[in-house]
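K.L.:
I would like the atomic coordinates for the input below:
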Amino acid sequence: MALKIVDRQQIEEILAELKIDSFSRPFAGLIDQGDFGTVATYIPLYAQEYKKLSPRLQSLVYLIAPGRYGLICFLPRIFEAPDGGKPISIEKQFNSWGKMTKLSYKTDKDGEFEICHTIRQDKLLAYAKKKKLPEKLSYKI
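P.N.:
All right, here's what the predicted structure looks like:
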């Protein structure tokens, strides 16, 4: 799953359609529940604001959680571990159907973390492939 960042022009269109000058609210972070790493940063939208938008502008808004909407405004470019270290190895666990059920990694600062969010999983797998990190595979039947 790939996220698209809204650009300044799209934010201006949304502000105009909502008839407000600016978003007077803090940014929020979408955090991976496994290792608490940042998935993305977004501008929260209220449900009533979302309903006021045209279908074209609604397509730019993400459902963050039931009843919570947001405009994604930042995605980390590289994979960042919460302890500030660099991943040095990964471990993948598969079920009997060959689907990956668990992805974890170790860092050079002796941290061990599991990743739950699919976007962070994709970033870690891309990083591991690029850096040729050692992989440990296991199967749980």
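
K.L.:
Taking the centroid of the chain, which residue is nearest it?
P.N.:
Residue closest to the mean C-alpha point of the chain, counted by CA atoms, centre = their mean, is residue 39 at 2.8 Å.

K.L.:
Relative to residue 54, how far out is that one?
P.N.:
Remark: distance between residue 39 and residue 54 (CB to CB, to the nearest Å) = 27 Å. (Glycine included, C-beta is placed from N, CA and C.)

K.L.:
For this structure, which residues score under the pLDDT cut-off?
P.N.:
Judged by pLDDT under 70, the chain has its weakly predicted residues at 1.

K.L.:
which residues of it fall in strands?
P.N.:
In the chain, the strands defined using DSSP state E lie at 28-31, 38-45, 62-65, 68-74, 87-94, 100-107, 112-115, 135-139.

K.L.:
out of these, deepest packed?
P.N.:
The highest mean neighbour count among those belongs to strand 38-45 (a mean of 19), with neighbours defined as mean count of other CB atoms under 10 Å.
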